[in-house]
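> Prediction below, plus the sequence it came from.
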Amino acid sequence: MPEPPATPPQDDTPAVSDKAGYAPYGQLVKMLMPSAGNIAIYDPAGELVWCSDGSERPELRKLLDELRAADTVAGRGRVENTADGVPAFVAGLRSADGAPLGALVIELNHNHNQSSRYSGSLLAGLLRPVLDCLENRMNLERTVLAPARSDDGGLDLLLSVDENEREDASALEQLMRHCVVHLGCALGALLLPDKNVSISCAVDPSLGGSQLLDRTQRHLLAWVQLNNRPMVVNRVAGLSDAAPYKILSCPIRDPNNRVTGLVALFRSTDSEDFELRDVRILEFVSRKAVGILNSQHDPLTGLVNRLIFERRAQRHLDQAAAAHALLYIDIDRLQTINEAFGFHAGDEVIQRVAEVVRRSAGADALASRIGGDRFAVLLPKRTIADGLEVGRRILAAAGQIGYVDGTESLPVSVSVGVAGAEREQVAHLLASAELACKRAKQQGRNRIESESLEGDFTLLRSRQLVAAASLHDALKSNDFRLEAQPIVGLCTRANETVGYELLVRMRSPEGELLAPDKFLDAADRYQFLPALDRWVICSAIDTLRSHGVGDGALCFTVNVSAQSLASGKYAAFALEQIAQAGLPAESFCFEIKEAAAMNQLAGAEQLIRELSRAGCKLALDDFGWGLSSLAHLKRLPVDYLKIDGRFVRRVLDDRVAESIVSGIAKAARTLGVAAIAEHVESAQIAERLIALEVEYGQGFHLGRPQPFGRAATAPAFLAEARTSAM
């Protein structure tokens, strides 16, 4: 085929926008108004299509909804105040014929009495270039894409692939089939070399699509990487080795806007030319593909996430009557690198170890980052001996990495556990390999150990099965109890109880109350956590309602597990229960562990968006110990950061821990988020936290957990509620 030109396509190539689409309009707003805060663009239905902070502000959304309900989002813009008194510029966007196109909402700087100088007409004049360009762009979307959607429903079908319910390979294949058929093409292809994804779909298999793809992928990928935009070739030179196809290709970009692959369509030379409508649709396909991949891959390393790993691994274990080997890899002392060089250094080490794991495991292996600094690799139809060989390669390669920052350096090493099994549950196999890895760490790290399904693991599994059976019985007979531990003001509302964290305990068959560490691991392994999360919120609501507490004066914090986060259904359930009880949503704070949020960013964003819109508060637990921390806070607009207790405990005698606590507190204030220190176990720790300007604290020094029912009826509890409400 003719090599794609290194210069921009000729006249038959429509000009198209970049992947972000609306980001340049936000940049233009910032140029015209450097002091502007959050910038959000909405479609005609009031749905967010782009936001400068990555997620919308609930107060700005509420303001827009109120104006839309009153049908006052019109004209070239007006300045209104949110419920919190923050001024915002709201402009309705309309086409030349008056059809609504959407809205632009800009948070205005309300410091230094500047808000009095804002006026809708003044800002509308200042922002006229942005408004004009936005209206032109959105009108083009309406006139080009709306007819495409209404032709025969094909585009809606094309974009209806559910990335959350299907494996990425099958979902991408379905996406390409719909695209090829809907756009009348002979062949479609999707390439992602970094993820080893190569998909082709031909209407007629005899066309030799794979051979054509092999011949053209190098040229097409090089062109889109160089030009970072779609390419259209409607005129094919009459060379003897030319492929007799018209070509449309579009880059696939990662969250950092780096081209990582492409999606391409091929039409025979006697078919219609590719037009702007086709380009727009293929851009949507590219974004849909990214959504599918991001929902099932770890964003830091590109490896599949734990959920997908367990699904695929279990399929291998179920289908093949042969032995399999599984490796569990844990990076040694990563927290030392974090503390010495910062979390960005830890992220870099994780990425480099991930590449070592991917390369050492081989093409037939299934590799995953299963959380934090841990990886798992399944070697299908391989023995423990094969696993030990791969593990030794990983050990040797990881030892060559090292981390260097200027003149300082720290070594990098990993510990590896290997387990083998045939037709086993993947959770059991992972637990066995994890035990072997822990033994490697206990024996000095930077080593490899193997574990079969005999001995220690058999005992562990039997204990977990007993705990799982007890959990099942406890859920049926309601043998749990809630305890409440106070959250107390340190700098803000000093010495005042501002809320309670609700902690769950299980009653054993012997009547003993068991702490979470006795049953949560089994609940996690055997998928009981969603049911337990639902029991907690329902029990909390029943207690508050029966004692007449829950008027929004105090905040009651409920933990949400990673399994509930992954289900995508917890927020709707919780809000339904709160509404049926007639309790205010602001009485509840939902707490997510930082590691769970980082591993499931999409699910965390969805949960936070649904709960915050209803008025609930959100908290990020164990903050600071993870490896992403501050980098993702703009995508997770929570109300509270709970500083990990492992730092708080050491704040008196560890300068690194003290600096981390201080840094988190300062960052939280900058972002308008309140910080809560966990494990405040002495008066001296509380005093140091006050000096570091941490707003709130929680721990045995400030208050021990007590039965929630008893706390809800205690005079002090009710007095606090009445005082807080005044």
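Structure's in. What do you need? Numbers count the residues shown, from 1 in each chain.
> Mind jotting down where the helices sit in the stretch 551-700 of the chain?
For the stretch 551-700 of the chain, the helices defined by DSSP state H, counting those that start in this stretch cover 562-567, 570-581, 594-599, 601-614, 645-648, 655-670, 683-691.
> Which of these comes out lowest on mean pLDDT?
Lowest mean pLDDT of the helices of the stretch 551-700 of the chain: helix 594-599, a mean of 77.
> So which other helices or strands are in contact with it?
Judged by 3 or more CB pairs under 8 Å, 6 or more residues apart in numbering; DSSP states H and E, helix 594-599 is in contact with helix 562-567, strand 617-623. All C-beta atoms are positioned from the backbone trio N, CA, C, and that covers glycine.
> Any chance of those in a markdown table with mean neighbour count as columns?
Formatted as a markdown table, the helices and strands packed on helix 594-599 follow (neighbours: other CB atoms under 10 Å):
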| stretch | mean neighbour count |
| --- | --- |
| helix 562-567 | 21 |
| strand 617-623 | 24 |
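> To residue 316, which of those lies closest?
Ranking the helices and strands packed on helix 594-599 by proximity to residue 316 (CB to CB) places helix 562-567 first, at 21.2 Å.
> Now do that closest one: everything it contacts.
307, 524, 527, 529-530, 533-534, 570, 592-593, 595-597, 599-600, 603-604, 607 (CB atoms under 8 Å, 6 or more residues apart in numbering).
> Buried among these? Make that a ChimeraX selection.
Remark: buried members of the contacts of helix 562-567, expressed as a ChimeraX selection using 16 or more other CB atoms under 10 Å:
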select :307,524,529,530,533,534,570,592,593,595,596,597,599,600,603,604,607
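> Per-residue pLDDT of residue 344, please?
83.
> That one looks like it's in a helix, true?
Yes: the assignment for residue 344 is a helix, going by DSSP: H, G, I helix; E, B strand; the rest coil.
> how deep is it tucked in, by neighbour count?
By the criterion of other CB atoms under 10 Å, residue 344 has 14 neighbours.
> Chain neighbours aside, what residue packs nearest to residue 355?
residue 301 (8.0 Å; CB to CB, 6 or more residues apart in numbering).
> Can you tell me the SS state at that neighbour?
Assignment for residue 301 (three-state DSSP): coil.
> Could you find the closest non-adjacent residue to residue 578?
Going by CB to CB, 6+ apart, residue 578 has residue 585 as its nearest residue, at 5.7 Å.
> Tell me who's in contact with that neighbour.
Contacts of residue 585 (CB under 8 Å, 6+ apart): 575, 578, 611, 614-616.
> What are the structural domain limits within this structure?
According to automatic domain parsing, the chain comprises the domains 23-149, 154-296, 312-351+363-454, 463-725.
> closest to residue 357 out of those?
Going by CB to CB, the one of the domains of the chain nearest residue 357 is domain 312-351+363-454, 5.2 Å.
> chain center to that closest one, what's the gap?
23 Å (CA atoms, centre = their mean, to the nearest Å).
> what does stretch 576-586 give?
27 Å.
> what about that stretch, how long is it end to end?
Start and end residues of stretch 576-586 are separated by 14 Å (CA to CA, to the nearest Å).
> and what of stretch 398-416?
11 Å.
> do stretch 402-417 as well
21 Å.
> For it, what does the pLDDT average out to?
Per-residue pLDDT over stretch 402-417 has a mean of 79.
> Could you report the separation of residue 93 from residue 133?
10 Å (CB to CB, to the nearest Å).
> Looking at these two, which is more packed in?
For residue 93 versus residue 133, the count of surrounding residues by other CB under 10 Å is larger for residue 93: 25 against 13.
> Extract the CA atoms of whichever strand or helix holds the more buried one and return them as CSV.
Using DSSP states H and E, the element containing residue 93 is strand 87-94. Taking C-alpha atoms only, strand 87-94 is exported to CSV below (Å, rounded to 0.1, in the frame of the first residue of the first chain):
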residue,chain,number,x,y,z
PRO,A,87,-20.1,33.4,42.6
ALA,A,88,-20.3,31.5,39.3
PHE,A,89,-20.8,32.7,35.7
VAL,A,90,-23.5,30.6,33.9
ALA,A,91,-24.0,31.0,30.1
GLY,A,92,-26.5,29.2,28.0
LEU,A,93,-25.2,28.0,24.6
ARG,A,94,-27.6,28.2,21.6
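> which outside residues touch the following helix or strand past it?
Next in sequence after strand 87-94, counting helices and strands by DSSP H and E, comes strand 100-107. Outside strand 100-107, the residues within contact range by CB under 8 Å, 6+ apart are 29, 33, 36-44, 46, 49, 57, 60, 63-64, 68, 73, 77, 86, 88-95, 123, 127, 130-131, 134-135, 138-139, 142.
> Go through those and flag which are in helices.
By the criterion of DSSP state H, membership of these in helices covers 29, 60, 63-64, 68, 123, 130-131, 134-135, 138-139, 142.
> could I get those as JSON lines with pLDDT?
JSON lines is the format used below for those (pLDDT from 0 to 100):
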{"residue": "29", "pLDDT": "87"}
{"residue": "60", "pLDDT": "83"}
{"residue": "63", "pLDDT": "86"}
{"residue": "64", "pLDDT": "85"}
{"residue": "68", "pLDDT": "78"}
{"residue": "123", "pLDDT": "84"}
{"residue": "130", "pLDDT": "85"}
{"residue": "131", "pLDDT": "87"}
{"residue": "134", "pLDDT": "85"}
{"residue": "135", "pLDDT": "85"}
{"residue": "138", "pLDDT": "82"}
{"residue": "139", "pLDDT": "78"}
{"residue": "142", "pLDDT": "68"}
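> Between those, which sits nearest residue 513?
Of these, the one sitting nearest to residue 513 (CB to CB) turns out to be residue 60, at 45.4 Å.
> Can you read off the pLDDT for the closest residue to the closest one other than its chain neighbours?
In this structure, residue 60 finds its nearest non-sequential neighbour in residue 105, 5.3 Å apart by CB to CB, 6+ apart. Among the per-residue scores, residue 105 shows a pLDDT of 91.
> Nearest to the middle of this protein, which residue? Look it up for me.
Most central in the chain under CA atoms, centre = their mean is residue 601, positioned 0.7 Å from the mean C-alpha point.
> For residue 616, see how far away that residue is.
19 Å.
> same question, residue 420
Counting by CB to CB, the gap between residue 420 and residue 616 amounts to 46 Å.
> for residue 268, same thing?
From residue 268 to residue 616 the distance is 56 Å (CB to CB).
> who has more neighbours, these two?
Per other CB under 10 Å, whichever of residue 268 and residue 616 has more neighbours is residue 616, with 24 against 14.
> just checking, residue 483 touches residue 506?
No: judged on CB atoms under 8 Å, residue 483 makes no contact with residue 506 at a distance of 11.7 Å.
> No more questions from me, cheers.
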